[in-house]
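J.: sharing a sequence plus its predicted fold:
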Amino acid sequence: MVTATRISHVQLQYSHTIGRGEQFGPGFTYPIHVARGEDDLMYVLCRSSEYRPEGTRIAVCTVDEEYVNAFARGVPQQGPHEYNFEDGSLVWPVNVAISSNGTVYVSDEWLHRISMFTRDGEFIGKWDENVGSGDGQLDRPSGLAIDADDNVWVVDGNNHRVQKFTPDGQFLARFGGQGSGDGELDSPWGIDIDSQGNIYIADWRNDRIQKFTSDGRFLMKFGSSGSGDGEFNRPADVAVDKDGIIYVADWLNNRLQFFDPDGNFCGEKTGEATVSKWGKDKLDANPEMWEERERAPGLEREREFWAPTGVAVDEDNRIFVCEGPRNRIQVYQKQALTFMGPRL
Amino acid sequence: MAEKDIALMAHLMRRAGFGASYEELEARAAKGYEATVEELLHPESQPAIQDDMLMRYQPQWVSKAGLEGQQEEWTYRMINTKRPLEEKIALFWHHIFCTGHAKCEYPKQQNIELDMFRTLGFGNFEELLMGLSRDPAMVFYLDNCMSHKEAINENWGRELLELFSLGVGMDGDANYSEDDVKEAARAFTGWTVTNSIPRYPYGKYEAAFIYDPSDHDYGEKTFLGETGNFNGEDIVHIVARQPSAARFVARHMYNFFVADEPQVPAWQNTPPRDPEAIKMLEDEYFRSNYDIRSMLRVLFNSDFFKNAQFEKVKSPTETVVGTMRLVGDFDMPRPGMNAMTLTIRYMGQDLLNPPTVEGWHTGREWIDSGTLVERINFTADAVGDTSHRGVQAIINRLGSQGDTISSEQLVDGCLQLLGHYQLADVTRNELVALADSEGELRTGTDEFGTRVGQMLQSIVATTEYLFE
């Protein structure tokens, strides 16, 4: 008799923290999402704010926190209704994804725009901005994921659906629709695709994760509203590693939760941040702050996640969690899985 | 529905909130005046703003790390709340219990303070003062964390009495002495906050109020004629039962909700504009055991309130928020919040960053040549934009009266739909003449919408529209 083997637990080991609050150079300004590029590069999408548009950018650095460059700046406003939405600019950027040839895709939920850049940050082009609810039209696009054929899957937030496009933005397919039933979505946000091509959606306002086949057929769901194990308070993003472990940025519960491939709760992380390399540089330049930290009670709060909006996992089983309000990314390393199964 | 009922409802909603569309006024008038007052006094009966959607599209509002973001977030709440008096009461107490961004360890601490105003602000005045005494933003702003048993800092003790509870004096007499200030400061020694985590590298963290018994002056104090080993709670308790506390709260309420009073420093020697109204509110203060909600109920249901239409100059916040509610703009998070919010600052009210601990001088002091231009430009731009939902509703309503309307119908209709504004005859006649000069008003044309927009712009540029 063959007994199904099931994953009993997953161990995440804290690795390090990347970031500090900066509008320019080494550092981030409200990092809302991250994508891993080749050669240990990270593309960190900084949302910043309307009153500091210079901080809106894609900051490129390595996993070891070496700063590389930044591109795609925010748009200074001229008035309540006046913007210069020139190519390559960002207003409300929300998600970043990288295709196999290194093209960097960025969604902008104000411009309803998908922009494309080379891996070095050169603007390539943008898809037609066709706001609406018809096939291929977008209304506040958010999550992005690239499948094995380099097609681009876009979470179409205000249309409560997911759409599939060719790499240059030609409509291919869609699934979803507003609701709380199986396969229906309510203001979805994040997305990821597993090694089998299945699609995972952070069904944000339904406080759950849903899994679909690559042709949009509903497979499973897990999660409900709350703060207990396996419950969510507006899950913002989802990532799946090569073993099928599912990571969820549980936004307003200020934590990362992780699940086995069947959606069973495996564990959570509430944060273990330490002072980053860039952070140490900043404190060394302001040494009185080292002393202030010594005096300040409650410094352990610095470890905790605050409103994580982005989670990514790479081929080396490293998990990257973006915390906008703290201008940083916490990195965890998944340890070898422990299995409970039949005795050998 | 009688138009006078709608006009009265418009008055109530301007004062207890930030105005309402004509359609909302009709619905509320049908519900009844006193029932509406009760609904406003119990904001929990109405749905709260959907914070999740707010923070999703304006994620920087999660951390509230900067003044601009704080102002945007509060302004958005005031525009979109279905609990208008909840935000208005927060604004009321912010006018009185000022803390300022310019001296704030962690900006979000001021938002926590606003949350306290939204809840305790309707309740018992003594409890509110206790909350304020333990509010980390205030403890830091007025230096009580620098006040020690061996070396007091009088700042908090002084402002507690002068600006937060009693006022310098009333009916020609002083309400407290310099010795009372010092004794209050002694009683509050040991009331402090935790040290702050520095802003680098990951930003600030909330401070906590703590009582440090080792830094408290346990000696005997004499305060407002009473003697004992007073701590801060005792000071607040004694303060709250003073007749001058009742006068202080009543005059502030009258000035904010009813009609412009002289500025606070003049209150010692300048009698209230309406002594009977103040007496009613003072009586209710003691009858209800210092209950703010009870005082507001008396105020809104009183004749002195109902008869005080257009007796008060709108504050910059009321001007901008009221205009946005009227035209239906920023009913969803969208870019442009910063520019819109900055106009409140340019009109003279830098929310969460008042010029001094005394807050802003109100009434006619809001208006000077610079702020007047800001006001008129902003409101005229908004009401002249016929793409706005609220402006479109006005155009459609006026256009439903027939194929043509008269100039009088245009002027009076616009005044009515703006919330039953009243103009001096001479002003009204000029506007009618202006409409006449433009020729016949044919409804259902693009030109009709434009002319309605222009008439609205003319009305909001009048002196009368500065008032509410």
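T.: Looks like it arrived, so ask away. Note that the structure is a prediction, hence the values are computed from the model and not measured.

J.: now chain A against chain B: closest residue?
T.: Across chain A, the shortest distance to chain B (C-beta to the nearest C-beta) belongs to residue A:279, at 3.1 Å. All C-beta spots, glycine's among them, are computed from the backbone N, C-alpha and C.

J.: check which helix or strand covers that residue.
T.: In this assignment (DSSP states H and E), residue A:279 forms part of helix A:277-285.

J.: which neighbouring elements make contact with that helix?
T.: With contacts taken as 3 or more C-beta pairs under 8 Å, 6 or more residues apart in numbering or on different chains; DSSP states H and E, helix A:277-285 sits against strand A:12-18, helix A:287-295.

J.: can I get those in TSV with mean neighbour count and distance to chain B?
T.: Formatted as TSV, the entries for these read as follows, by neighbours: other C-beta atoms under 10 Å in any protein chain shown; distance: least, C-beta to the nearest C-beta, whole Å:
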stretch	mean neighbour count	distance to chain B
strand A:12-18	19	9
helix A:287-295	13	4
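
J.: and those, which one averages the lowest pLDDT?
T.: Confidence, taken as mean pLDDT, is least for helix A:287-295 of these (a mean of 94).

J.: can you tell me the closest non-neighbouring residue to residue B:464?
T.: residue B:423 (5.2 Å; C-beta to C-beta, 6 or more residues apart in numbering or on different chains).

J.: how about the residues of chain B by chain A?
T.: With C-beta under 8 Å from any C-beta of the partner chain as the criterion, chain B comes near chain A at residues B:52-53, B:55-60, B:62-63, B:65-66, B:68-69, B:72, B:194-203, B:205, B:208, B:334-340.

J.: sorry, back to before: tell me, how many residues neighbour the residue nearest to residue B:464?
T.: 18 (other C-beta atoms under 10 Å in any protein chain shown).

J.: so what's the residue count around residue 11?
T.: Defaulting to chain A. Look at residue A:11: counted by other C-beta under 10 Å, it has 13 neighbours.

J.: meant chain B, my bad for not saying
T.: A count of neighbours around residue B:11, defined by other C-beta under 10 Å, yields 22.

J.: now residue A:217
T.: Residues lying near residue A:217 (other C-beta under 10 Å) number 12.

J.: report the contact partners of it.
T.: Residue A:217 makes contacts with A:175, A:183, as judged by C-beta atoms under 8 Å, 6 or more residues apart in numbering or on different chains.

J.: that older thread, that's a strand at the residue nearest to residue B:464, yeah?
T.: No - secondary structure assignment places residue B:423 outside any strand; it is coil (DSSP: H, G, I helix; E, B strand; the rest coil).

J.: what's near enough to touch it?
T.: Taking C-beta under 8 Å, 6+ apart, we find residue B:423 in contact with B:415, B:431, B:459, B:462, B:464.

J.: give me the contact list for the helix holding residue A:279.
T.: Surrounding helix A:277-285, the residues in contact under the criterion C-beta under 8 Å, 6+ apart are A:17-20, A:22, A:26-27, A:64-65, A:67, A:275, A:289-290, A:293, A:328, B:200-202.

J.: mind listing what's buried along that helix?
T.: Going by neighbour count (16 or more other C-beta atoms under 10 Å in any protein chain shown), the buried part of helix A:277-285 is A:277-279, A:281-283.

J.: rebuild those residues as a markdown table, extending it with pLDDT.
T.: Converted to a markdown table, the buried residues of helix A:277-285 look like this (pLDDT from 0 to 100):
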| residue | pLDDT |
| --- | --- |
| A:277 | 98 |
| A:278 | 98 |
| A:279 | 98 |
| A:281 | 98 |
| A:282 | 97 |
| A:283 | 97 |
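
J.: make CSV out of these and add distance to residue B:302.
T.: Putting those into CSV (distance: C-beta to C-beta, whole Å) gives the following:
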residue, distance to residue B:302
A:277, 65
A:278, 61
A:279, 58
A:281, 63
A:282, 58
A:283, 59
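
J.: quick one: the residue nearest to residue B:464 from residue B:438, how far?
T.: Counting by C-beta to C-beta, to the nearest Å, the gap between residue B:423 and residue B:438 amounts to 18 Å.

J.: what's around the residue lying closest to residue B:160 once chain neighbours are set aside, how many residues?
T.: Spatial nearest neighbour of residue B:160, chain neighbours left out: residue B:184 (6.2 Å); criterion: C-beta to C-beta, 6+ apart. Residues lying near residue B:184 (other C-beta under 10 Å) number 27.

J.: report the contact partners of residue B:184.
T.: Residue B:184 makes contacts with B:157-158, B:160-161, B:223, B:235, as judged by C-beta under 8 Å, 6+ apart.

J.: looking at these, which is nearest residue B:324?
T.: residue B:160 (35.4 Å; C-beta to C-beta).

J.: which SS state does that closest one fall under?
T.: Per three-state DSSP, residue B:160 ends up helix.

J.: what about it, distance to residue B:245?
T.: The span separating residue B:160 from residue B:245 equals 11 Å under the rule C-beta to C-beta.

J.: name the residues contacting each of the two.
T.: residue B:239.

J.: run the chain-centre distance for stretch A:209-223.
T.: 19 Å (C-alpha atoms, centre = their mean, to the nearest Å).
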